[in-house]
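> Sequence and predicted model, in that order:
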Amino acid sequence: MGEVTELLARWRDGEGAARDALIELVYDELRRIAQRQFRHERGDHTLQATGLVHEAYARLVGQRTVPAADRGQFFAIAARMMRRVLVDHARARRANKRGGGQTPITLDDEQEPVADGAVDLVRLDEALAALAALDPEQARLVELRYFAGLTIEATAEVLGVSAATVKREWTTAKAWLRRELARDVGDP
């Protein structure tokens with residue numbers, strides 16, 4: 001059993017010190033995930049990577065049960081929490097500004113957003129929720145690949161499938177999301 005998995009088990013058994021040791025152990029990786037997510041945000045964002053990690057951690061700790069059984073699940077859930085924080089922040093900003101100012105992001109593995117075919121985080125979250133209603137495993141794969149930044153191999157390990165399956169499903173999920181987002185742009 002890996003160190004993260006062991007700490008999660010001890011936390012699940014009620015050991016508060018294990019929770020604290022876990023965050024100390026994974027903090028740098030959580031910051032990496034947060035920084036990856038911020039590459040798709042506008043430059044003047046009022047949150048920073050550290051604040052995003054802290055807010056996601058507060059949400060994780062606030063849950064009644066330990067949210068994950070192993071390292072892969074933990075990082076997937078942490079990435080989901082970070083996404084929720086960013087989406088909540090974007091919705092609040094949108095409510096204040098009536099939908100303006102969202103920085104486009106893409107579903108490509110590129111570092112920089114591309115204006116052609118780009119979407120804002122709130123729309124991507126809504127499309128991802130629609131995908132989850134149709135195919136929860138594909139939505140989870142998108143969270144692991146896009147939001148957590150896991151490799152094909154790491155995603156396959158977390159999902160318990162082959163790398164070839166992840167590649168095929170990743171291609172399918174990206175195509176579905178692009179189509180969904182393009183349809184939303186054309187809607188009145």
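Received it, and whenever you're ready, just let me know what you need.

> Going by C-alpha atoms from here, please, whenever you check contacts or count neighbours.
OK.

> Quick check: buried residues in the longest helix seen in the chain?
Looking across the chain with DSSP state H, the single longest helix is helix 71-97. The neighbour-count check on helix 71-97 (16 or more other C-alpha atoms under 10 Å) flags 71-87, 89-91 as buried.

> I'd like the next helix or strand past it.
Counting by DSSP states H and E, the next helix or strand C-terminal to helix 71-97 is helix 121-134.

> how distant is the helix or strand just after that following helix from the center of its chain?
Downstream of helix 121-134, the next assigned helix or strand under DSSP H and E is helix 136-142. Chain-centre distance of helix 136-142: 11 Å, with C-alpha atoms, centre = their mean, to the nearest Å.

> do the same with stretch 76-86
The answer for stretch 76-86 is 5 Å, by C-alpha atoms, centre = their mean.

> rewinding a little: what about the longest helix of the chain, average pLDDT?
Per-residue pLDDT over helix 71-97 has a mean of 81.

> And the helix or strand of the chain with the lowest mean pLDDT, what does it pack against?
When the helices and strands of the chain are scored by mean pLDDT, DSSP states H and E, helix 71-97 comes last with a mean of 81. Under the contact criterion of 3 or more C-alpha pairs under 8 Å, 6 or more residues apart in numbering; DSSP states H and E, helix 71-97 touches helix 16-38, helix 49-61, helix 121-134, helix 152-159.

> Next, the angle helix 152-159 makes with that helix.
Angle, helix 71-97 to helix 152-159, by axes from the mean of the first three to the mean of the last three C-alpha atoms, to 10 degrees: 100 degrees.

> Any regions of this protein where pLDDT drops low?
Counting by pLDDT under 70, the low-confidence segments of the chain come to 1, 40-45, 95-119, 184-188.

> can you redo the helices and strands packed on helix 71-97 as a markdown table with distance to Leu141 and mean neighbour count?
Putting the helices and strands packed on helix 71-97 into a markdown table (distance: least, C-alpha to C-alpha, whole Å; neighbours: other C-alpha atoms under 10 Å) gives the following:
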| stretch | distance to Leu141 | mean neighbour count |
| --- | --- | --- |
| helix 16-38 | 15 | 17 |
| helix 49-61 | 20 | 17 |
| helix 121-134 | 10 | 17 |
| helix 152-159 | 7 | 18 |
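
> Identify whichever of these lies nearest to Arg10.
helix 16-38 (5.9 Å; C-alpha to C-alpha).

> what separates the closest one from the chain centre, distance-wise?
Relative to its chain's centre, helix 16-38 lies at 14 Å (C-alpha atoms, centre = their mean).

> picking that back up, any idea how far the longest helix of the chain is from the chain center?
A distance of 7 Å separates the centroid of the chain from that of helix 71-97, by C-alpha atoms, centre = their mean.
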